[in-house]
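Q: Pasting a predicted model and its sequence here:
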Amino acid sequence: MANLRDVLQMDVSLLDILKVDPSELYEKQFEMLKTHALETLETVARCIRNDNYKAIRKILNHSYAGDGNGNEKSFIDFEFSDNSEGDDIEDLLTKLTQIKDLATRTKIDRK
């Protein structure tokens, strides 16, 4: 199996890319997203401990009530995709679950 780090270089051959174990890529994506989520939450916790509420507001995004009858809500934006509306905790959990499932399925399929 080719090393994932080597394959992610720009000058990789098709043969090398085809040798990559997809479950390794999914596992790396999962770990990086999980680390990003934990760091974001740790930043919020640290800011609360230090009474630095202004810094927390910088990582918030807003969900607007489009029908004029609901309330606007703020949420921690985990910012892991190109979604201009932000990535809330539900988006994060969905993505983590999808990646973990893909990693598990890919590992099983390759046995």
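A: Ah, there it is. Numbering: from 1, shown residues only.

Q: What segments of this protein are strands?
A: All strands of the chain, identified by DSSP state E, fall at 60-63, 73-76.

Q: Out of these, flag the one nearest residue 86.
A: Ranking the strands of the chain by proximity to residue 86 (Cβ to Cβ) places strand 60-63 first, at 3.5 Å. C-beta here means a position set from N, CA and C on the backbone, and glycine is covered the same way.

Q: CA atoms of that closest one as PDB?
A: Extracted in PDB, the C-alpha atoms of strand 60-63 (Å, rounded to 0.1, in the frame of the first residue of the first chain):
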ATOM      1  CA  LEU A  60     -20.600  32.700  16.200                       C
ATOM      2  CA  ASN A  61     -22.800  32.600  13.200                       C
ATOM      3  CA  HIS A  62     -26.500  33.500  13.000                       C
ATOM      4  CA  SER A  63     -29.500  31.500  11.900                       C
END
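
Q: pull the helix or strand with minimum mean pLDDT from the protein.
A: Among the helices and strands of the chain, helix 4-7 carries the lowest confidence by mean pLDDT, DSSP states H and E, at a mean of 58.

Q: re earlier: right, so of the strands of the chain, which gets closest to residue 44?
A: Per Cβ to Cβ, nearest to residue 44 of the strands of the chain: strand 73-76, 6.2 Å.

Q: which residues make contact with that closest one from outside it?
A: With Cβ atoms under 8 Å, 6 or more residues apart in numbering as the test, strand 73-76 has contacts from 40-41, 44, 59-63, 86, 88-89.
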